[in-house]
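Chemist: my questions concern the predicted model and sequence given below.
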Amino acid sequence: MNTNISAAILIAAMSITTILLRFLPFLVFKKETPPYIAYLGKVLPPAIIGMLVIYCLKDITPMASPYGIPELIAAVCVVILQVWKRNSLISILTGTVLYMILVQMVF
């Protein structure tokens with residue numbers, strides 16, 4: 001089979017699967033959201049963010065150069081921007097770009 005056709009079929013299958021997964025909760029819970037789903041929607045985002053922070057900071061070696069300074073600066077930047085702007089996208093993107101600049105050009 002032609003690789004372009006295979007790629008198109010693969011993209012179509014992934015797109016349909018993604019769309020179905022996005023709309024499935026609306027189809028299943030037409031009238032009212034069950035309390036446990038509302039609870040999960042409330043507690044999972046902070047838990048996931050906490051796990052991401054731990055994952056991002058797990059490889060810091062405070063006894064070896066650069067002592068985790070780029071990570072610390074980027075994390076403080078993310079926290080300040082999140083408190084100030086209340087926009088996760090801006091906070092995370094700015095922190096990521098700042099970290100990459102610090103690691104590639106400064107440290």
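Modeler: Perfect, thanks for sending it.

Chemist: where in this structure is pLDDT low?
Modeler: Scanning the chain with the threshold set as pLDDT under 70 gives 1.

Chemist: so which residues of it form strands?
Modeler: Using DSSP state E, the chain contains no strands.

Chemist: in it, spot the helix with the most residues.
Modeler: helix 3-28 (DSSP state H).

Chemist: domains for this protein, by residue range?
Modeler: 1-29, 32-106 (automatic domain parsing).

Chemist: just name the most buried of those domains.
Modeler: With neighbours taken as mean count of other CB atoms under 10 Å, the domains of the chain reach their highest mean count in domain 32-106, at a mean of 13. Glycine gets a C-beta too; all of them are placed from N, C-alpha and C.

Chemist: who touches the residue nearest to Gly95 when sequence neighbours are not counted in this structure?
Modeler: Using CB to CB, 6 or more residues apart in numbering and skipping residues adjacent in sequence, the residue nearest Gly95 is Val78, 3.7 Å away. By CB atoms under 8 Å, 6 or more residues apart in numbering, Val78 lies in contact with Ser91, Ile92, Thr94, Gly95.

Chemist: go ahead and confirm the first one touches Gln82.
Modeler: Yes: Ser91 sits in contact with Gln82 when judged by CB atoms under 8 Å, with a separation of 4.3 Å.

Chemist: who are the neighbours in contact with Pro70?
Modeler: With contacts defined as CB under 8 Å, 6+ apart, the neighbours of Pro70 are Tyr99, Leu102, Val103, Val106, Phe107.
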